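> Sharing a model prediction with you, sequence too.
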Amino acid sequence: MGQQGGIEISSSPRSVVDGLMKPVITMVAAQIAYAATGIFYKLAADSGMNLNILVAYRLMFSSAIIVPLALILERNSRPKLTLVVLFQAFLCGLFGGSLSQNLFIEGLALTSPTFVAATANLIPAVTLIMAICFRLEKLTLGSHAGKAKLVGTVVGIGGAMIFTFFKGPELSIWSTHVDLLREHHAAPSPSSVSLHRSTGSHLLGSFSALGSAVSYAMWLTVQAKMSKRYPCPYSSTGLMSVMGSIQSVAFALCVERDWSQWKLGWNIKLFTAAFTGIVSSGLVVVLISWCIRKRGPLFVSAFTPLCLVIVAIASSLLLNEKLSLGSILGGILIVCGLYMVLWGKSKEMKSINNVGSDQEQPAAASVLPSSTRPQDSQLIEIVATTRALDTNASGINKKNTNLGSS
């Protein structure tokens, strides 16, 4: 087991495959959780909940669950907490928690869900640029792995854009007749109306949506740096949640002075806050932190467009929304782009593993005892025999010289 650029590298082909499949399964599960978060956000907004307050509750629930788990599970393996780690945790809480989520909500309110979804799909490209700048990824275009990572990222983004902007004819693949928003369609709440309003602040909303994507990409980059200095996923997530909850509560108190909005009952508001906090901002962030430490930020960001496909399938099953030709074509391109990135990462891991094994063999040979190296012992024996023959020859020559002189 070695490291390359802060990314752990396995030492055998079988371990390379196993080490790649575990992060893949983990990230697919994370995107399923994020898709569920989007649906619950929609349900909470239609029930009249202020989404800035929801972000604050989300991070508070995450802190309440992850911090005790970190104290228990990593009590013996946690390194010393330094000022640098605290500053990195503050940045993670800002970029990955309060700032990205509140900018996402603001962009959703001032533009449209379609535009926000389109800008969110720029996360892999922004992450790739940042990872190269911070030397967390190497883009060697001369190799097949580097070309696959670049082309896969572009194909994934293109598929996400087709998914978002091109609709085409609707396709009736299945029909469950389930609509969780049926009672909200007739009389939408003021909160849901505000999410779709069209105002003169469209430019501000565009910058907010783009800022949310950039902020999330910056979190992936900072988290990769933090994972090398503080390789404890539960503890780093707990610190991030605490920092983010402080920031989001302060922001929510500034924008919402109505204390009735902070009340939670036994309804969809409480369930959404608990689920998004415990699962999406808690356990999922722990898994993402682990994946970043194992495979780097680009690997994690490549799965972002996959959330669109999962949301489309879940919406057609639970919200009675129809799938279109554009969503199916875009979903196929997203999956193909993701496969290309994964293929490139797999080839990159194997090449690094082969270089590491080639470097280990000479070092291992240098420390072997002479009894385990028959070639060396044969060489010594040949040299000794040659020296003995030379000695005998020189002695015969001296004897002949003495006889000739006499």
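Looks like it came in fine.

> Where does E106 fall, secondary structure wise?
If you go by DSSP states H and E, E106 is part of helix 99-110.

> which residue ranges form the strands in this structure?
Ranges of strands in the chain, per DSSP state E, are 2-4, 7-9, 170-171, 323-324.

> Could I get the full set of helices for the stretch 201-350 of the chain?
With helices called from DSSP state H, counting those that start in this stretch, the stretch 201-350 of the chain shows them at 202-229, 233-255, 268-275, 284-295, 297-301, 306-318, 325-366.

> for those, which one sits closest to L43?
Closest approach to L43 among these is made by helix 268-275 (5.2 Å; Cβ to Cβ). For glycine as for every other residue, the C-beta is placed from the backbone atoms N, C-alpha and C.

> Output the contacting helices and strands for that closest one.
In terms of contact count using 3 or more Cβ pairs under 8 Å, 6 or more residues apart in numbering; DSSP states H and E, helix 268-275 is assigned the packing partners helix 13-46, helix 51-73.

> Please convert the ones you listed to JSON lines, extending it with mean pLDDT and distance to W343.
JSON lines is the format used below for these (pLDDT from 0 to 100; distance: least, Cβ to Cβ, whole Å):
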{"stretch": "helix 13-46", "mean pLDDT": "79", "distance to W343": "10"}
{"stretch": "helix 51-73", "mean pLDDT": "95", "distance to W343": "34"}
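
> Could you dump the ones you listed into a markdown table and include mean neighbour count and distance to A224?
A markdown table is the format used below for the helices and strands packed on helix 268-275 (neighbours: other Cβ atoms under 10 Å; distance: least, Cβ to Cβ, whole Å):
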| stretch | mean neighbour count | distance to A224 |
| --- | --- | --- |
| helix 13-46 | 18 | 14 |
| helix 51-73 | 22 | 19 |
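
> out of those, nearest to I332?
Between I332 and those, the tightest spacing by Cβ to Cβ is seen for helix 13-46, at 16.5 Å.

> how much does the closest one deviate in direction from helix 268-275?
Helix 13-46 runs at 160 degrees relative to helix 268-275, counting by axes from the mean of the first three to the mean of the last three Cα atoms, to 10 degrees.

> Among the helices and strands packed on helix 268-275, which comes closest to L308?
Closest to L308 of those, according to Cβ to Cβ: helix 13-46, at 8.5 Å.

> looking at the helices of the stretch 201-350 of the chain, which is buried most?
Highest mean neighbour count of the helices of the stretch 201-350 of the chain: helix 297-301, a mean of 27 (counted as mean count of other Cβ atoms under 10 Å).

> could you say what helices and strands it packs with?
Against helix 297-301 (3+ Cβ pairs under 8 Å, 6+ apart) you get helix 13-46, helix 123-133, helix 202-229, helix 284-295, helix 325-366.

> so which of the ones you listed comes closest to L253?
Smallest distance to L253 across the helices and strands packed on helix 297-301 (Cβ to Cβ): 19.1 Å, for helix 13-46.

> circling back: export the helices and strands packed on helix 268-275 to JSON lines and append columns for distance to G168.
Compiled in JSON lines, the helices and strands packed on helix 268-275 are given as follows (distance: least, Cβ to Cβ, whole Å):
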{"stretch": "helix 13-46", "distance to G168": "22"}
{"stretch": "helix 51-73", "distance to G168": "31"}
